[in-house]
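Engineer: requesting a structural model of the entry that follows:
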Amino acid sequence: MLIPAETLAVTLGPLDAVPYTCRLDKQLSIVSMGEEIVRLTGYAAAEFTTNPAFRWERIHADDRGRVLRELSQGVPSAGCHLEYRWLAADGTYIWFSDSLCAAKTDGGELLFGIWRRMSEGPQGTFREATREFAEMQRLARVGSWRWDVESDAVTWSEELYRIAGLDPKRPAPGFQAQARLYTPESFARLSTAVEKTLTTGEPYELETELLRADGATRWIVNSGAAEYDKCGRVACLRGTSHDITERKAAESQLQLSEERLRLITENINEVFWMADVDIEKTFYISAGYEKVWGRSRELLYQNPRSFLEAVHPEDLDRVLADLEAQQKGEPFDHEYRIVRPDGSIRWIRDRGFPIREAGEPVRRYVGLAEDVTHKRDEVVLRESEALLRSCYDCPGTLRGVFEIVDGRIVPVATNTHVLAFISESREAGADTETGIVSFWIDRCEESRKTGRAAHFEFHSRDPAGGDWFYVHVHSLGTGPDGHPRYAYVALDISDRKRIEEQLRHAEEKFRLITENTSDFITIATADGNWIYFNPTHFTKLGYDREELLSMRPNDLVHPDDREQPAAWSREPLALRFRKKNGEWLWAEGVAFPILLDGQPAFVGVARDITARRKAEQERERLVTELTEALTKVKTLSGLVPICASCKKIRDDSGFWQQVETYIENRTSAEFTHGICPECMDRLYPDYK
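Structural biologist: Numbering: from 1, shown residues only. Predicted coordinates:
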């Protein structure tokens, strides 16, 4: 048990001494230091607690090596005492005595020390050091002892005499004589531990129950270690006896409180729970969990989030959102429904409160969950009564009360043909009404189990009417004869059903048209995402449904045509669409805006004109070739002046040219020269 530094400072202040505690690490890091240290050294306590090397760096160079050597061998269980010079804030060296001993605390083992300013130097401090060491043992409730094995001589410190309730003026009892100071069971364990240390040299530590001379009982932690002579034999044992009676009493009281809490939590219907802030670990869950949830506690210990599996799907998102408050360290109070393994539904009120520790973030929550179904039932019943009353006051609404008797629906208060037609069923299992009665009874059972109204659509199949109704059924408990009683309200939705039927037929016609046409039919959002595309997209372009859904309509359009869709109107436009095989398909179509569920969209209809486009391109090619050929053809027309004698022709400039020259200049014709037979005979009669 750790003595607060503030308490020790009040006690030791007049002695120029300051208490401190440190860890058992390599540098003996100081955990706490009394504020009196400022007056003794000129330095604040924070200098010592934040910098482990601060204390050792200021020890005089002539003393530092000796001090560190002694401490490197460890602090004996009986404690140790050091004297050295230390550099104060004013630049002077001050002699200090430093007494240390180990002590058990709730946080583990620590070193407890007293740092005292010496006024006379090391030669005159033995008496002061002895008194200081005794005071330190008293405050820490730790007594020290030594037992010479050969002579059985035992020495005790004053604190050990006080713990045992013996007179310090009398000799300490030998080891075997100490049997009367312990319970038989404790001394037997102590003897075994001592014998083992004498044999093996291993130190021991164990809790024992000590019987004082005044009859009081004390709990002691006995620690002992062997010391050897020059021959390496165990010469004596040294150790400490730490009085932990107050700690044991606190533990016993805590155990008693926990037992009382367990008895309470295990015998109440509410669910008491404790978990970490992230719901990753369940520390405790009371037996009420199995009664309310219908699930085992063991499963919740294994999987702390398994309780969420029972939360009603309609409430789960809200519950998860509320639990964010728990992760922020805030209290919460919410209600939700759970579905038990038997299918029944319970309303739960769950409250959680953070466990706060000084200076620490919230790590744990404690809470209470209770079944409030019966309270909710009362509220729902009042709401249902109000709803039923308002329904009766509403003209044109069908309503009534009925009971289920031996599988039959028996009207209690009704004048509507809906319930009258159902009640005419002879038995559950009778002819065509079997399904109708069973359907109503199933819905009524659902309302009874959930504690909420059941809603369903019902076709009366009345030959006289054949109407559709939207029915609201709620359990009213039981009637005077013990039969389940229910109230219902039915709204005539026949007109809506007829409209829905007409809409279904219209949709069927639309489907038949769009799925059997060779044209492309597309419905897309204003920002260019698919809403609908007909099967022509598969057959013409070669893509399957998943491939098309992974793209946007504009992804299929040729890059040179992509700016056009934004300007689509009822005027036809021609676009190229990329097929899966990489080819381009020409399509001509129109698009026009619509409102779909209140959102802007557009409908597009396009036809494959690839073949027509190819024919047009072929025609354009032939026209181009013909045009080019015609530009090369030269023709003669009009009156041509020719000489009647020599046959020369006069050109536009008045010059006379040979016929062949005139024609060659004005056409693409060329002449070759020869002699006809008549001219041959006339010009060359002798040439045969």
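
Engineer: now residue 60, nearest residue through space, not along the chain?
Structural biologist: Using CB to CB, 6 or more residues apart in numbering and skipping the chain neighbours, the partner closest in space to residue 60 is residue 85 (3.8 Å). Heads up, the C-betas are built off the backbone N, CA and C, glycines and all.

Engineer: check that neighbour and give its pLDDT.
Structural biologist: The predicted structure scores residue 85 at 90 on the pLDDT scale.

Engineer: how about residue 16?
Structural biologist: Note for residue 16: predicted pLDDT of 77.

Engineer: quick one: it from residue 117, how far?
Structural biologist: 4 Å (CB to CB, to the nearest Å).

Engineer: name the residues contacting each of those two.
Structural biologist: Taking CB atoms under 8 Å, 6 or more residues apart in numbering as the contact rule, the neighbours common to residue 16 and residue 117 are residue 40.

Engineer: I'd like the next helix or strand past the helix or strand hosting residue 616.
Structural biologist: Using DSSP states H and E, the secondary-structure element containing residue 616 is helix 610-632. If you walk from helix 610-632 toward the C-terminus, the next helix or strand you reach (DSSP H and E) is strand 649-650.

Engineer: that following strand - what's its average pLDDT?
Structural biologist: 84.

Engineer: go ahead and name everything in contact with the helix or strand following that strand.
Structural biologist: Scanning forward in sequence from strand 649-650, with DSSP H and E defining helices and strands, the next element found is strand 656-657. Contacts of strand 656-657 from elsewhere in the structure, counted by CB under 8 Å, 6+ apart, are 643, 648, 649, 650, 651, 665.

Engineer: for residue 671, see how far away the fifth one is.
Structural biologist: Just to be clear, that refers to residue 651. Here the criterion is CB to CB. By it, residue 651 lies 17 Å from residue 671.

Engineer: all helices of the stretch 351-500 of the chain, in order?
Structural biologist: With DSSP state H, counting those that start in this stretch applied, the stretch 351-500 of the chain shows helices at 373-392, 417-423, 434-450, 494-516, listed in chain order.

Engineer: pick out the shakiest of the ones you listed, pLDDT-wise.
Structural biologist: Ranked by mean pLDDT, these end with helix 417-423 in last place, scoring a mean of 52.

Engineer: where does residue 338 sit: helix, strand or coil?
Structural biologist: Under DSSP: H, G, I helix; E, B strand; the rest coil, residue 338 falls in the strand class.

Engineer: what bridges to it?
Structural biologist: Using DSSP bridges, the beta-bridge partners of residue 338 come out as residue 311, residue 346.

Engineer: same check on residue 411?
Structural biologist: On the basis of DSSP bridges, residue 411 takes part in beta bridges with residue 402.

Engineer: hmm, back to that, residues of the helix holding residue 616 that come out buried?
Structural biologist: Residues of helix 610-632 classed as buried by neighbour count (16 or more other CB atoms under 10 Å): 610, 613.

Engineer: average model confidence for it?
Structural biologist: In the prediction, helix 610-632 has an average pLDDT of 83.

Engineer: just how off-centre is that helix within its chain?
Structural biologist: Put simply, helix 610-632 sits 69 Å off its chain's centre (CA atoms, centre = their mean, to the nearest Å).

Engineer: packing partners for that helix?
Structural biologist: For helix 610-632, the packing partners by 3 or more CB pairs under 8 Å, 6 or more residues apart in numbering; DSSP states H and E come out as strand 584-596.

Engineer: ok, now which ones touch residue 59?
Structural biologist: With contact taken as CB under 8 Å, 6+ apart, residue 59 is in contact with 67, 84, 85, 86, 87.

Engineer: mind redoing it with 7 Å?
Structural biologist: Contact criterion CB atoms under 7 Å, 6 or more residues apart in numbering gives 67, 84, 86 as the residues in contact with residue 59.

Engineer: tabulate those residues (CSV), appending secondary structure, distance to residue 230 and neighbour count.
Structural biologist: Conversion of those to CSV gives the following (DSSP: H, G, I helix; E, B strand; the rest coil; distance: CB to CB, whole Å; neighbours: other CB atoms under 10 Å):
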residue, secondary structure, distance to residue 230, neighbour count
67, helix, 26, 17
84, strand, 29, 19
86, strand, 36, 20
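
Engineer: pick the one among the residues you listed closest to residue 184.
Structural biologist: Distance ranking of those against residue 184, using CB to CB, places residue 67 first at 45.0 Å.

Engineer: give me the pLDDT for that closest one.
Structural biologist: Confidence per residue is given as pLDDT, and for residue 67 that number is 87.

Engineer: count the neighbours of residue 286 for me.
Structural biologist: Summarising burial for residue 286: neighbours were counted as other CB atoms under 10 Å, giving 24.

Engineer: pretty sure it sits against residue 271.
Structural biologist: Yes - counting by CB atoms under 7 Å, a contact exists between residue 286 and residue 271, whose distance comes to 5.7 Å.

Engineer: nearest residue to residue 450 in space, please, no chain neighbours.
Structural biologist: Counting by CB to CB, 6+ apart, residue 345 is the residue found nearest to residue 450 once chain neighbours are left out, at 4.7 Å.

Engineer: nope, residue 581 is what I meant
Structural biologist: If the residues on either side of it in the chain are set aside, residue 581 comes closest to residue 542, at 6.0 Å by CB to CB, 6+ apart.

Engineer: residues contacting that neighbour?
Structural biologist: Each residue near residue 542 by CB under 7 Å, 6+ apart is listed here: 579, 580, 581.

Engineer: ok, and the most crowded of those?
Structural biologist: Neighbours were tallied for each of the contacts of residue 542 (criterion: other CB under 10 Å), and the maximum of 15 neighbours falls on residue 579.

Engineer: per-residue confidence at it?
Structural biologist: In this prediction, residue 579 carries a pLDDT score of 91.

Engineer: got the phi/psi numbers for it?
Structural biologist: Dihedral pair for residue 579: phi -90, psi 160, per degrees, to the nearest 10.

Engineer: and if you look at residue 372?
Structural biologist: Backbone geometry at residue 372, expressed as degrees, to the nearest 10, gives phi -110, psi 30.

Engineer: and it, how far from residue 323?
Structural biologist: Distance, residue 372 to residue 323, using CB to CB: 19 Å.

Engineer: same thing with residue 558?
Structural biologist: The spacing between residue 558 and residue 323, counted by CB to CB, is 54 Å.

Engineer: so for those two, which sits in the more crowded spot?
Structural biologist: Between residue 558 and residue 323, counting by other CB under 10 Å, residue 323 is the more crowded of the two (18 against 14).

Engineer: how about residue 587, what does it touch?
Structural biologist: Residues in contact with residue 587 (CB under 7 Å, 6+ apart) are 520, 575, 577, 606, 607, 608, 609.

Engineer: may I have the phi/psi pair for the residue lying closest to it once chain neighbours are set aside?
Structural biologist: Spatial nearest neighbour of residue 587, excluding adjacent residues (CB to CB, 6+ apart): residue 606 at 4.1 Å. Backbone torsions of residue 606, given as degrees, to the nearest 10, read phi -140, psi 150.
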